[in-house]
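A.B. asks: below: sequence and its predicted model.
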There are 2 protein chains.
Amino acid sequence: VIALDAHGADGGFETIAEGARRAGVPVRIYGPAAEFDGFDVVDTPVAIANTEEPVRAVRSKEDASIVRAARAVAAGEADAFVSAGSTGAALAAAVLHVKRIRGVHRPAVAALLPVPGRAILLLDAGANSEVRPEHLVQFAYMGAAFMEAVQGVERPRVGLLSNGEEAGKGTADVIAAHERLAAADPAALNFAGNVEGGDLTGGRLDVVVTDGFTGNVALKAIEGTSRTVVRAIRDAVRSSAVSSVGGLLIRGRVGALRDELDPNTVGGAILLGLRGVAVVGHGSSTPDGIANAVRLAQRAHDERMIERTASALAAAGALRSAPTGSVEAAHDQR
Amino acid sequence: VIALDAHGADGGFETIAEGARRAGVPVRIYGPAAEFDGFDVVDTPVAIANTEEPVRAVRSKEDASIVRAARAVAAGEADAFVSAGSTGAALAAAVLHVKRIRGVHRPAVAALLPVPGRAILLLDAGANSEVRPEHLVQFAYMGAAFMEAVQGVERPRVGLLSNGEEAGKGTADVIAAHERLAAADPAALNFAGNVEGGDLTGGRLDVVVTDGFTGNVALKAIEGTSRTVVRAIRDAVRSSAVSSVGGLLIRGRVGALRDELDPNTVGGAILLGLRGVAVVGHGSSTPDGIANAVRLAQRAHDERMIERTASALAAAGALRSAPTGSVEAAHDQR
C-alpha cells in the first residue's frame, strides 16, 4: 500500500481523492477522515504549510500528515509515501523517519524531465543548495540505479552538468567531481563526462547530475520555456482565421506531445538515497498527476530500487565509511 | 565604425562578409585581407581557437584578430568589437586591452534570452563560474543600466535567480547578495527579490542576475528546450496528411514566432563592466546573426551604455573603492 499525504495539493482534497481513485494501486490516505469517506484513510487533520521551516515543523508536529506517512514507511506499514505538499517538509520527514541509506551523505530530489523523447533524470533538483564533490559522485550512482531499476534503462549514460564540455570547465567542486567520476570503473558507471544545459533536452543522456541550486533553476527553466513556447504557438495559431483552421487539423497529433510536456505525466520527483521510497508531486498536480506519482512510487518499490541503489553505491565504493546520524541535509531545506 | 572579428564563426568568412554587408552600419573587418575584397579590412590572418587557453593565447598572440579588434576599441579607433569566436578569448582580450570600468570586480556576459514576449537580460551567462555577493550586486546595476540605455526600459525590474522566492532561499552567496540588493535605494534599483527558473520566460522581469555557472546552464537549457519543443511540434504536425495540411495553414503566423525564438535575432551576448562595447555571437551565427550583433554593438555605443553603466554603479555606491589592475576575471575563462 502507498501512503498518500492529502495535504498540500493546490486542488485540495478532491484532487487527492480522485488521484487515489485513478491510481489503480492500493492507497492509504493521510488526511482528515471526514473528507475521504469510503477510502482507506488514517485520520490526520494536521498539515505542514509551505511557509513553515521544514525541519522544525516536522520535529514539532508529530501528528502532521507527512510525518505520519513517513513513519508508516519507516515502520513497514506502507511501501512508499507520496506528497504534493512542501518538498522541504517531505525531505525532512524522510530524513528524520525513513532515514538515509547507511553511508549516503545527502538525499537528492530526482526529477524526470518533461521533455519530448528519451526520459532524462535530473538530480539534485532542489534538496541541497550547496554540495561537495563526493555528494555529486553519489548522485551519479543513485540516479543510474533509479534509471536501471525503475525505467529499465541498460547502462544509463550519466553526465555531469557544467558550463562547458571540457573536463576543466565548471566550479572547483564540479571539476573535482569530474575527476572522480572519470576514474570510475566503466562497468559500474557509464560516465559521459561534462554536459551542458542544452544536453538536458538533447536526448543523448539518461541521467544528469548537478547541485540542488543549479538543478532547481534548470528544471524550472525547462518547464517554463516549454510552457511559454507551447502557449506562444497556440496564440499565434489562434491569431487568424486561416491558421485557426490549421490549428484544428493539427490538434490530434499535437495533443499527444502536450502530454509528454506536462509534468503531470511523470507525476512527481523521487527522493533518492533513502531507506524507503518517497515521491513529491507538484503542488499544482491534477488528479492524473497524483495517480502517476502513486504509480511511480509503486514501481520503485516493486523494482526494489532501494536495495539496488544501496548495492550499486556499495559496489562502487561510493558510500562514506563512517555512517552518519545527523540531519544536516534536512537543515538545508528552509 | 565597429571592429568585426572574422575568425571563429562556423559559417566561415562568407558568413562574416555577408553579415557585414547586411548590418547597415560601418564595419571594419579583422581577418585575412584576401578573403574580404572590397571591405574595410585590417589584414589579420592569425586566429585564436576555441580550444586554446584564452588568457595565454591573448597574451602570446599579439596579432590575433580578436586582440587587434580589442586594441582598436581601446585606442578609440573603433566604437565596439564583435566576435563569433571563443567567448573566453573575447573576454580575455577585452579585460586585458579594453579594461574594466574602474571599480568593477568582474565583467559579465549578458544575454537577451530568445523567448517570446518581453525581452529579459540574463547575466552572468558564463564569464565567472564562481562569484561573490558583491559581484552579483554589480551585475544587478550593470544589467539594469544596459536595459535602460540600450533597450529603452524604464526602471527595469531586476530579479536574483535562486531556488525559491523567499529571501532565505539559495546558496550563502545568493542570500548575502539578496540582503544587499533588498537594502538598495529603490530609486536606483527596482529590485524584485528572488526569482526562480520559471521566471526567466515568465515575462514579469527585465533583468535576472546569477553566477556564470548557473546562468550558462540556464541559457543553454532555455535555448535547448525551445529548439526541442519547436522541432517536436513540427514532427508531430508532419506525421499525418491531415495535420500536414494544418501545418501549411499555420505557417505564416508561426513563422514570426520562430524569429523570436532564434538566437540570431538578438545576435549575441554583450560583455558588461568594460570601458568599451564588446559583443560575442554564437559560433553558429548566420549572416543575419552577425548583422544583428553588429547593430547591437552600435546601439550600445550610440546610447552611451558605458558612461551610463559607470554612472549607475557610482551613484549606487556599488563600485569597489580600490581600483584593480589584475586580470583575475579573465583567468576564470579556461
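C.D. replies: Nice, thanks for sending it over.
A.B. asks: longest helix of chain A?
C.D. replies: helix A:212-238 (DSSP state H).
A.B. asks: and that one, does that touch chain B?
C.D. replies: Yes - contact of helix A:212-238 with chain B (CB under 8 Å from any CB of the partner chain) involves A:212-214, A:216-230, A:232-233, A:236-237. From N, CA and C alone the C-beta is placed, and that goes for glycine too.
A.B. asks: mind listing what's buried along that helix?
C.D. replies: A:212-230, A:232-233, A:236-237 (16 or more other CB atoms under 10 Å in any protein chain shown).
A.B. asks: packing partners for it?
C.D. replies: strand A:108-112, strand A:121-123, strand A:157-161, helix A:241-261, helix B:212-238, helix B:241-261 (3 or more CB pairs under 8 Å, 6 or more residues apart in numbering or on different chains; DSSP states H and E).
A.B. asks: of all these, which lies closest to residue B:139?
C.D. replies: helix B:212-238 (9.3 Å; CB to CB).
A.B. asks: run the angle between the closest one and helix A:212-238 for me.
C.D. replies: Using axes from the mean of the first three to the mean of the last three CA atoms, to 10 degrees, the direction of helix B:212-238 lies 30 degrees away from that of helix A:212-238.
A.B. asks: just the angle between helix B:212-238 and strand B:157-161, please?
C.D. replies: Using the same axes, to 10 degrees: helix B:212-238 against strand B:157-161 is 100 degrees.
A.B. asks: check contacts around the residue in the stretch 1-150 of chain A that chain B sits nearest to.
C.D. replies: Closest to chain B within the stretch 1-150 of chain A is residue A:116: 3.9 Å, counting by CB to the nearest CB. Applying CB atoms under 8 Å, 6 or more residues apart in numbering or on different chains to residue A:116 gives the contacts A:201, A:257, A:260, A:261, B:228, B:229, B:232.
A.B. asks: where does pLDDT dip in the stretch 1-150 of chain A?
C.D. replies: The model of the stretch 1-150 of chain A has no residue with pLDDT under 70.
A.B. asks: which parts of it are strands?
C.D. replies: Under the criterion DSSP state E, counting those that start in this stretch, the stretch 1-150 of chain A contains strands at A:2-5, A:27-31, A:41-43, A:80-83, A:108-112, A:121-123.
A.B. asks: what lines up beside the second one in the sheet?
C.D. replies: Put plainly, it is strand A:27-31. Paired with strand A:27-31 in the same sheet, following DSSP bridges, are strand A:2-5 (parallel), strand A:41-43 (parallel).
A.B. asks: now mean neighbour count too, for those, in CSV please.
C.D. replies: Below are the strands paired with strand A:27-31 laid out as CSV (neighbours: other CB atoms under 10 Å in any protein chain shown):
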stretch, mean neighbour count
strand A:2-5, 30
strand A:41-43, 18
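A.B. asks: surely residue A:312 is within a strand?
C.D. replies: No - according to DSSP: H, G, I helix; E, B strand; the rest coil, residue A:312 belongs to no strand; its state is helix.
A.B. asks: quick check, pLDDT for it.
C.D. replies: pLDDT for residue A:312: 92.
A.B. asks: any idea how many residues pack against it?
C.D. replies: Using other CB atoms under 10 Å in any protein chain shown, residue A:312 has 20 other residues around it.
A.B. asks: phi and psi next, for the residue sitting nearest the centre point of chain A.
C.D. replies: The centroid of chain A falls nearest to residue A:269 when counting by CA atoms, centre = their mean (1.8 Å). When read as degrees, to the nearest 10, the backbone of residue A:269 gives phi -90, psi 150.
A.B. asks: who's in contact with it?
C.D. replies: Applying CB under 8 Å, 6+ apart to residue A:269 gives the contacts A:87, A:109, A:110, A:111, A:112, A:125, A:126, A:279, A:280.
A.B. asks: and what of residue A:114?
C.D. replies: If you count contacts by CB under 8 Å, 6+ apart, residue A:114 has them with A:222, A:223, A:226, A:260, A:261, A:262, A:263, A:265, A:266.
A.B. asks: and if you look at residue A:208?
C.D. replies: Neighbouring residues of residue A:208 by CB under 8 Å, 6+ apart: A:120, A:121, A:122, A:123, A:143, A:158, A:159, A:160, A:161, A:195, A:199, A:200.
A.B. asks: the third one reaches residue A:220, doesn't it?
C.D. replies: In this case it means residue A:122. No - with contact defined as CB atoms under 8 Å, residue A:122 does not reach residue A:220; the gap is 11.0 Å.
A.B. asks: re the thing from before, in CSV, list the helices and strands packed on helix A:212-238 along with distance to residue B:285.
C.D. replies: Formatted as CSV, the helices and strands packed on helix A:212-238 follow (distance: least, CB to CB, whole Å):
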stretch, distance to residue B:285
strand A:108-112, 33
strand A:121-123, 29
strand A:157-161, 25
helix A:241-261, 29
helix B:212-238, 13
helix B:241-261, 15
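A.B. asks: wait, which of those is closest to residue B:178?
C.D. replies: When the helices and strands packed on helix A:212-238 are compared by CB to CB, helix B:212-238 sits nearest residue B:178, at 14.6 Å.
A.B. asks: so which strand or helix has the nearest residue to residue A:175 once chain neighbours are set aside?
C.D. replies: Setting aside the residues directly before and after it, residue A:175 is nearest to residue A:168 in space (CB to CB, 6 or more residues apart in numbering or on different chains), at 6.3 Å. Using DSSP states H and E, residue A:168 sits in no helix or strand.
A.B. asks: residue A:168 contacts residue A:176, doesn't it?
C.D. replies: No - if you go by CB under 8 Å, residue A:168 and residue A:176 don't touch, sitting 11.4 Å apart.
A.B. asks: so for these two, which residue has more residues nearby?
C.D. replies: residue A:176 (16 against 12).
A.B. asks: give me the three-state assignment for that one.
C.D. replies: Under three-state DSSP, residue A:176 comes out as helix.
A.B. asks: quick one: residues contacting it.
C.D. replies: residue A:133.
A.B. asks: mind checking how far it is from chain B?
C.D. replies: 13 Å (CB to the nearest CB, to the nearest Å).
A.B. asks: check residue A:308 too.
C.D. replies: Distance from residue A:308 to chain B, by CB to the nearest CB: 29 Å.
A.B. asks: and the strand or helix carrying that residue, what's buried?
C.D. replies: Per DSSP H and E: residue A:308 is located in helix A:305-315. For helix A:305-315, burial by neighbour count (16+ other CB under 10 Å) applies to A:305, A:306, A:308, A:309, A:310, A:312, A:313.
A.B. asks: excluding chain neighbours, give the residue nearest to the fifth one in space.
C.D. replies: Ranked by CB to CB, 6+ apart and with sequence neighbours excluded, the top spatial neighbour of residue A:310 is residue A:101, at 5.0 Å.
A.B. asks: ok, residue A:234 - contacts?
C.D. replies: So residue A:234 contacts residue A:247 (CB under 8 Å, 6+ apart).
A.B. asks: I'd say residue A:267 and residue A:300 touch.
C.D. replies: No - if you go by CB under 8 Å, residue A:267 and residue A:300 don't touch, sitting 11.4 Å apart.
A.B. asks: which residues do those two both contact?
C.D. replies: Taking CB under 8 Å, 6+ apart as the criterion, residue A:267 and residue A:300 both touch residue A:279.
A.B. asks: who has more neighbours out of the two?
C.D. replies: residue A:267 (28 against 24).
A.B. asks: mind checking how far that one is from residue A:4?
C.D. replies: Counting by CB to CB, to the nearest Å, the gap between residue A:267 and residue A:4 amounts to 12 Å.
A.B. asks: now the common contact residues for these two.
C.D. replies: Counting by CB under 8 Å, 6+ apart, the contacts common to residue A:267 and residue A:4 are A:290, A:294.
A.B. asks: so what's the residue in the stretch 51-200 of chain A that chain B sits nearest to closest to, chain neighbours aside?
C.D. replies: Distances between the stretch 51-200 of chain A and chain B by CB to the nearest CB are smallest at residue A:197, namely 3.1 Å. Spatial nearest neighbour of residue A:197, chain neighbours left out: residue B:220 (3.1 Å); criterion: CB to CB, 6+ apart.
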